[in-house]
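>>> Based on what follows, work out the 3D shape:
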Amino acid sequence: MNGSPVQKDALLLGGTILVMILLMYGDRLWLESPVNSAVTTLSEPKVIAESSSVRFDVVGIPQQLLVRVTYDFDETPLEVIVKRIRDETQIDLRFDIPALEEEGIDSNDPVTIDATDEPLYLFLNRFCRPLTLTWYEREGVITLTTDFKSETAFHTVNYNLAELMQDGYQPRELIDVIKGTTSGRWDVEYGGTIDTHGETMIVTQNDKVHFEVTNLLHKLRYLTRQTFVFEPPEHEFLREKLKQPVHVSFRDVPLTDAVAELSRQADVQIRIDIDGLEEEGISYDDPLKYELSSHALSTTLDLMLRPLALNYILSDNVILVTTEITTEETLNTAIYDVRDLCGSSTDERYLDRLIKNQTDFSRYEAQYGMSIYGSYWLPEDSGKIVFPIIGVMVVRESRSVHEQILDVLTRCRADE
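Predicted coordinates:
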């Protein structure tokens, strides 16, 4: 062997470490390595649509909740709000009274919330979230219950995989992508279950995860440069507004007033996560000094909020100013068509490493040593990259990391 003594020692040490890893984890590496799994590709190559490079839509929403509503409630009791919705829409909307009482939630608690010509389900999401409530539909009845009860109320749904399998996806890879890029728990003791029989996938989970599974399986068949799996079409409007230039000059202005001015200039709903800021002890009334001219709303928000340890997310048709912790923990799933960049599993591994090295990708998975295989549970607040088929990349990460990923892919394409 040629080379200096230092190089020889380094090679020897590297070989020793590799042997130790193989001895300790060889069985898991064999099961999990993409090299040893069946390589599948889409049956017919499709052209990546430049004109629709980002896709927003959702499926699986009850038809009656797609009705558009306009409301303006100020310190209005929950019960009064629900009654008005019921009267105006003729929807059978009910409280799960025992569940609310168990969590100490009173149907007379006051709420301040508004909506302007938006789908009812988005309004209900914003209405429920601060109260730790959620909604579900059964046989046409919409019930408002607690997050805790909803998260533990599992039921089984069968999903038809025939069309996806015709496109080349295999059941095992679909199970992996569902476990890795949805918010569901899959651990043996408290999690749901997922299995396949022929062209049918049998999933036992709560309503939130079933919604995610429905949208993920649906959107794997319609590829664009970036497809947000769970975001409503209204968020496309928000993202366009974030590109709009604004002009600000704040001198001793409270954050609430500064946000209201940005909302007015951009003609878009920007709200403050009051509860989230209070939990972290961050004031939204302290005077703010900030000046910036003719910059995109997204840039203005980033520069204005960062010194306050704040950031923003897109949440149910509003731009929500919240804490950095909440921003990092709010993960979205997006599908990326990378067939022009990846033609093999080797290309996928390279792209995986490139993204993790050039973005703020979460490191939780490496820290905890968990896997989407078997009975392992991937924590909800950790990022994940999964390639269910050659050239299709599914990523679960924060808003800012998805923006960084798109930049990385754009640079890769420019270098070709």
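
>>> quick one: buried residues of stretch 276-292?
For stretch 276-292, the neighbour count (16 or more other CB atoms under 10 Å) marks 276, 277, 282, 284, 288, 290 as buried. Quick note: C-beta positions are derived from backbone N, CA and C, even for glycine.

>>> and the second one, how far is that from residue 130?
Computed with CB to CB, to the nearest Å, the distance linking residue 277 and residue 130 is 12 Å.

>>> follow-up on the earlier one: the buried residues of stretch 276-292 in helices, which ones?
Using DSSP state H to define helices, the subset of the buried residues of stretch 276-292 located there is 276, 277.

>>> Identify, from the buried residues of stretch 276-292, the entry nearest to residue 196.
For residue 196, the nearest member of those is residue 276. The distance, counting by CB to CB, is 39.3 Å.

>>> Residue 322 is in contact with the closest one, correct?
Yes. Residue 276 lies in contact with residue 322 (CB atoms under 8 Å); the separation is 4.8 Å.

>>> Outline the domain layout of this structure.
As assigned by automatic domain parsing, the chain contains the domains 63-151, 236-315.

>>> For those, which has the smallest mean pLDDT value?
Note on the domains of the chain: lowest mean pLDDT is at domain 236-315, with a mean of 92.

>>> Do a quick rundown of the helices in the stretch 301-416 of the chain.
324-329, 345-358, 364-368, 399-415 (DSSP state H, counting those that start in this stretch).

>>> Residue 63 is nearest to which of these?
Counting by CB to CB, and looking across all of the helices of the stretch 301-416 of the chain, nearest comes helix 399-415 at 29.4 Å.

>>> so what pLDDT did residue 190 get?
Residue 190 carries a pLDDT value of 79.

>>> I should have written residue 371 there, sorry.
38.

>>> I'd like the numbering to begin with 567 instead of 1 from here.
Done: numbering now begins at 567, and the last item shifts to residue 937.

>>> list the contacts for the residue nearest the centre of the chain?
When the chain is reduced to its mean C-alpha position, the closest residue under CA atoms, centre = their mean turns out to be residue 898, at 1.5 Å. Applying CB atoms under 8 Å, 6 or more residues apart in numbering, one finds that residue 898 lies in contact with 794, 795, 796, 797, 962, 963, 964, 965, 968.

>>> correct me, but the second one touches residue 783?
So the one you mean is residue 795. No. If you go by CB under 8 Å, residue 795 and residue 783 don't touch, sitting 9.8 Å apart.

>>> Need the CA coordinates for stretch 752-771. PDB is fine.
Once non-C-alpha atoms are left out, stretch 752-771 reads as follows in PDB (Å, rounded to 0.1, in the frame of the first residue of the first chain):
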ATOM      1  CA  TRP A 752     -46.500   3.800  15.000                       C
ATOM      2  CA  ASP A 753     -44.900   2.400  18.100                       C
ATOM      3  CA  VAL A 754     -46.200  -0.900  19.400                       C
ATOM      4  CA  GLU A 755     -47.700   0.300  22.600                       C
ATOM      5  CA  TYR A 756     -49.600   3.500  21.700                       C
ATOM      6  CA  GLY A 757     -49.300   3.800  17.900                       C
ATOM      7  CA  GLY A 758     -51.500   2.800  15.000                       C
ATOM      8  CA  THR A 759     -50.900  -0.100  12.600                       C
ATOM      9  CA  ILE A 760     -50.400  -0.300   8.800                       C
ATOM     10  CA  ASP A 761     -50.300  -3.400   6.600                       C
ATOM     11  CA  THR A 762     -51.100  -4.400   3.000                       C
ATOM     12  CA  HIS A 763     -52.900  -7.200   1.400                       C
ATOM     13  CA  GLY A 764     -52.600  -7.300  -2.400                       C
ATOM     14  CA  GLU A 765     -53.600  -3.900  -3.700                       C
ATOM     15  CA  THR A 766     -55.200  -2.800  -0.400                       C
ATOM     16  CA  MET A 767     -53.500  -0.900   2.400                       C
ATOM     17  CA  ILE A 768     -55.100  -1.300   5.800                       C
ATOM     18  CA  VAL A 769     -54.400   1.600   8.200                       C
ATOM     19  CA  THR A 770     -55.600   2.000  11.800                       C
ATOM     20  CA  GLN A 771     -55.000   5.500  13.000                       C
END
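
>>> what's in contact with it?
With contact meaning CB under 8 Å, 6+ apart, stretch 752-771 is reached by 720-728, 731, 737-738, 740-741, 744-745, 750-751, 772, 775-776, 779, 783, 938, 941-944.
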